[in-house]
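Asks: this is a predicted model, with the sequence first.
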Amino acid sequence: MTHKDSTPGKTPMETHPPGGTAAPHEQLKIVIVGHVDHGKSTFVGRLFHDTGSLPDGKLEQLQKAAERRGVPFEWANLMDALQSERDQNITIDTAQIWFQTPKRQYVIIDAPGHKEFLKNMITGAANAEAALLLIDAHEGVQENSRRHGYLLNLLGIRQVAVLVNKMDLENYSEARFNQIETEYRQWLDTVGITPKVFIPIAAKHGDNIASISARMPWWHGPTVLATLDDFKVSDPPINQPLRFPIQDVYRFDERRILAGRIEAGSIKVGDRLVFSPTNKVSTVKSIERWNAPATESAAAGESVGITLTEQIFVERGVIAALETAPPYELTRFKARVFWLGKKPLARKKKYKLKLTTQEVECEVDSIEKVIDASTLATVSRSHNELFVGRHEVGDLTLRTRKPLAFDTLNDIVPTGRFVIVDGLDVSGGGIIAEDNYPRRTHDGHTKSDNIYWSHGKVTVAQREARNGQQGRVLWLTGLSGSGKSTIATELERQLFNQGRHVYVLDGDIARHGLCSDLGFSHEDRKENIRRIGEVARLFADSGVICITAFISPYRSDRDLVRKILPRDRFVEVYVNAPVQVCEKRDPKGLYAKARSGQIKEFTGVSAPYEAPPAPDIELRTDKLTVAESVAAIMEYLALQGADSEVSI
Amino acid sequence: MDYLSKLENQSIYILREAFAKFENLAMLWSIGKDSTVLLWLARKAFFGHVPFPLVHVDTTYKIPSMIEYRDRLCKEWNLQLVVGKNEEVLKSGATFPNGKATRVECCGTLKKDALKQVLDQHHFTGVIVGVRRDEEPTRAKERYFSPRDKNMEWNVEDQPPELWDQFKTDYEKGAHIRIHPLLHWTELNVWEYIERENIPVTPLYFANAKNERYRSLGCFPCTFPIHSTARTVPEIIEELRNTKVPERSGRAQDKESEDAFEKLRRDGYM
């Protein structure tokens, strides 16, 4: 680089503000975590001292206070501002303090290491972009060294450096340092963190904090200070699909402004937006800000407002996205949750879930696994009870009462995580896991609101996973009076009580509505069964167990229905009783009418019944009771579902 | 995005959350630089409007030009002002300037109790306050949404978790919530923002002919100016970049005892 100014009028590449310290142009938030008593607050105090960042008189004030109380001076007292913290020599709550290097301004977030105050550690760490993990060289890797490592990953912190502290207690031994590095690196690897560096320090004496220590000549790595400057400031996710959660709708003047912060991507005037989960669509008319230059666009991280060309009903909680890349909108998803609540997270309890500005009631659908974050071991409970206890982590499926708009954490971070409120308290946080979620996609040619369904983006398998059952048609065929309706309704009751989605299509119901235009001729009977078959197929397709109870006397008609359904989804149940028995029962008095000629073409009397040659189930109702008949079907269904993860 | 814009966007987000979540919301306006920046941020958040009343706790010992400045901005910015005063104590004369109370007791009655009275009277359930973490170590432990019980007490040992910009917004009846949208700003950031946005501040912050200026404003018997030659906002910024003197060094009530400020704050002081 030449100092000669060869080009007249050229602006110098580097400029400095006149006099004094250069103004830093960026800020980085760093959290200090690790096990209790491993020296986090002491480290922060020393870092401030060694970088000349302590305010005038602060050191003297702390020294005097210690003297007055007759206790040794502690660097930690800089951060442990609460009287109760000083009394116990322990950090209770997270605190933040600022300092700067020539490169940038730092916010140092001190987090408590005691397990009891994990919610305060989470509060501190969730706001950070990078972390320093402290380990006591003497005590080595402890419970919360491991737990905090695990939680950093869960909280999305990828930039981590490990400080092996109190090296003075281990005679500044390189071997001890290497031993701890090997052990802890392995753990971090297991939980998905690759630390930038391990640094041996003695916070109390300032070794390797702001300058390289003469007491560890074997150390050729960086100081803590140099490591800090090596971290990167994270920027909001601008290059991702737009996610603009609406915080509020304002009508302070003639404008109707949708206010919110863009969480991902960018937005510009003219963009077609879809609002999830309501699926309303409109176009951006303007981007609104106050006392700022007017622009045609805005990007992630900005708290702005927009107005729309077409006025649609939008309220707090919906997420605006581009029509081409909307979020998922579902009521069921998989998540990993860390629990901080005093009462455990359990099934059959109602919680409130908050994801960006959405709030929905939710329940735990199932708990797959509960782990101890400090060992990764599955938590075992007496009586096989399933719940996520305080400070534990659970892999579970959540079900919301209303559809939730979300992304998986891997796709878009701000819309891939949530908190759970138990009663009045935020009691846990979670991240949304990958799964085979159906995606609603937009098709420019279709103006239907039902694109979610009509385009078939939801597969049968997805529906079955949601419903926890396979859609089926249980086709009951047999003479009038053989017991079809009786069995059908009892079977429906039992399946319903098991939590199944089940519905009975009965001949009488169909005859009064769907097929009210049809009579009893051969052609009309055929059309009647075709229609019933199509309706039953729709039920099965949507994941419901549909029970039909029709005489359906013709084999060809039944085969027609069998053909429109997948092979194992049509179950033919022959409800078989001799015509004499049926005629004796004659619950509706139809046989009598047929015999007297009042009813023409009555099956079994004046029209044929073609018995199924190979029914899936045959019930001899002249020999079986209703209960026995139903039990036989239930048993058949259980056997059919046995080799499938999703039973009936 | 530059860091001042990051701070601004975060504060606007919090202000809008508060407005969406609380029916009876008010903002404390001490007339100082912080709460004036907060007021400016509210106008940003609500597109030029301030959709809630401002509460000024008047101890009657405020520096007179602060009141003039207050009334001028109220008119220019179309603000709704509610003034809280502890008339009873003022009448009885049990104040520090009268020699009938310690500094801390005086803050307790004229500020804290007066605040409680005005909150009760107007049934405010959410109060927006311009405190910052870097001002003072107990404020460093604050939450953005910080609950206070019926007696305004702060349970500092058991604060709600705050993560991913999800705040505690569900409360028992009778509790109220302090909302702190400026918590993540430093004194320097505040001045940098005043410069960027050209926000009017009271002239007390600028050095006078005697080369004295106020760095933190309060009641005149307990607030002392510092030596300074900073007569403009850029000069103040330059001074702050190089100083190591704490901001509240001119505030006498903080120094009564080691935990004087903590005690005040636990009991409901701002």
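Replies: Sure thing, it's come through.
Asks: who does the residue nearest to the spatial centre of chain A bridge with?
Replies: In chain A, the residue lying closest to the centroid (Cα atoms, centre = their mean) is residue A:432, at 2.6 Å. Taking DSSP bridges, one finds residue A:335 as the beta-bridge partners of residue A:432.
Asks: correct me, but it touches residue A:332?
Replies: No - contact criterion Cβ atoms under 8 Å: residue A:432 and residue A:332 do not qualify, at 11.3 Å. Quick note: C-beta positions are derived from backbone N, CA and C, even for glycine.
Asks: before we move on, the earlier item: so who does the residue nearest to the centre of chain A touch?
Replies: Shown in contact with residue A:432 (Cβ atoms under 8 Å, 6 or more residues apart in numbering or on different chains): A:333, A:334, A:335, A:406, A:407, A:408, A:409, A:416, A:417, A:418.
Asks: switch to 6 Å and redo it
Replies: A:333, A:335, A:406, A:408, A:409, A:416 (Cβ atoms under 6 Å, 6 or more residues apart in numbering or on different chains).
Asks: do residue A:388 as well
Replies: A:339, A:345, A:370, A:394.
Asks: if we can go back for a sec, how close does the residue nearest to the centre of chain A get to residue A:400?
Replies: 12 Å (Cβ to Cβ, to the nearest Å).
Asks: one step back: overlap of the contact sets of residue A:432 and residue A:332?
Replies: Contacts common to residue A:432 and residue A:332, judged by Cβ under 6 Å, 6+ apart, are absent.
Asks: now the residue of the stretch 151-270 of chain B found nearest chain A: closest residue in space that isn't a chain neighbour?
Replies: Going by Cβ to the nearest Cβ, chain A is nearest to residue B:163 of the stretch 151-270 of chain B, at 3.5 Å. Closest residue in space to residue B:163, ignoring its immediate chain neighbours: residue A:126 at 3.5 Å, by Cβ to Cβ, 6 or more residues apart in numbering or on different chains.
Asks: now swap in residue A:130 and tell me
Replies: Nearest to residue A:130 is residue A:159, by Cβ to Cβ, 6+ apart, at 3.8 Å.
Asks: for that neighbour, phi and psi?
Replies: phi -90, psi 110 (degrees, to the nearest 10).
Asks: surely it and residue A:230 touch.
Replies: No - applying Cβ atoms under 6 Å as the test, residue A:159 and residue A:230 come out as separate, 9.0 Å apart.
Asks: the more surrounded of these two?
Replies: More crowded of residue A:159 and residue A:230, by other Cβ atoms under 10 Å in any protein chain shown: residue A:159, with 21 against 14.
Asks: distance of the more buried one from chain B?
Replies: Distance of residue A:159 to chain B, computed by Cβ to the nearest Cβ, to the nearest Å: 17 Å.
Asks: quick one, what contacts the residue lying closest to residue A:147 once chain neighbours are set aside?
Replies: Once flanking residues are discounted, residue A:147 sits nearest to residue A:374: 4.1 Å by Cβ to Cβ, 6+ apart. Residues in contact with residue A:374 (Cβ under 6 Å, 6+ apart) are A:143, A:146, A:147.
Asks: what about the nearest residue to residue A:424 once chain neighbours are set aside? Give its phi and psi, please.
Replies: Closest residue in space to residue A:424, ignoring its immediate chain neighbours: residue B:170 at 4.2 Å, by Cβ to Cβ, 6+ apart. The phi/psi pair for residue B:170 (degrees, to the nearest 10) reads phi -110, psi 130.
Asks: surely residue B:170 meets residue A:423?
Replies: No - proximity of residue B:170 to residue A:423 does not meet the contact threshold set by Cβ under 6 Å, at 7.6 Å.
Asks: count of neighbours near the residue of chain B found nearest chain A?
Replies: Of the residues in chain B, the one nearest chain A is residue B:137, at a distance of 3.0 Å by Cβ to the nearest Cβ. Per other Cβ under 10 Å, the neighbour tally for residue B:137 reads 21.
Asks: show me what from the stretch 151-270 of chain B comes close to chain A.
Replies: B:157, B:160-164, B:166, B:168, B:170, B:186, B:238, B:241-242, B:244-246, B:258-259 (Cβ under 6 Å from any Cβ of the partner chain).
Asks: now restrict those residues to buried residues only.
Replies: Buried residues within those, counting neighbours by 16 or more other Cβ atoms under 10 Å in any protein chain shown: B:160-164, B:166, B:168, B:170, B:186, B:238, B:241, B:246, B:258-259.
Asks: would you check which pair of these lies furthest apart?
Replies: B:170 and B:238 (45.4 Å; Cβ to Cβ).
Asks: mind checking how far the longest helix along chain B is from the chain centre?
Replies: Of all segments of type helix in chain B, defined using DSSP state H, the longest is helix B:3-21. Relative to its chain's centre, helix B:3-21 lies at 16 Å (Cα atoms, centre = their mean, to the nearest Å).
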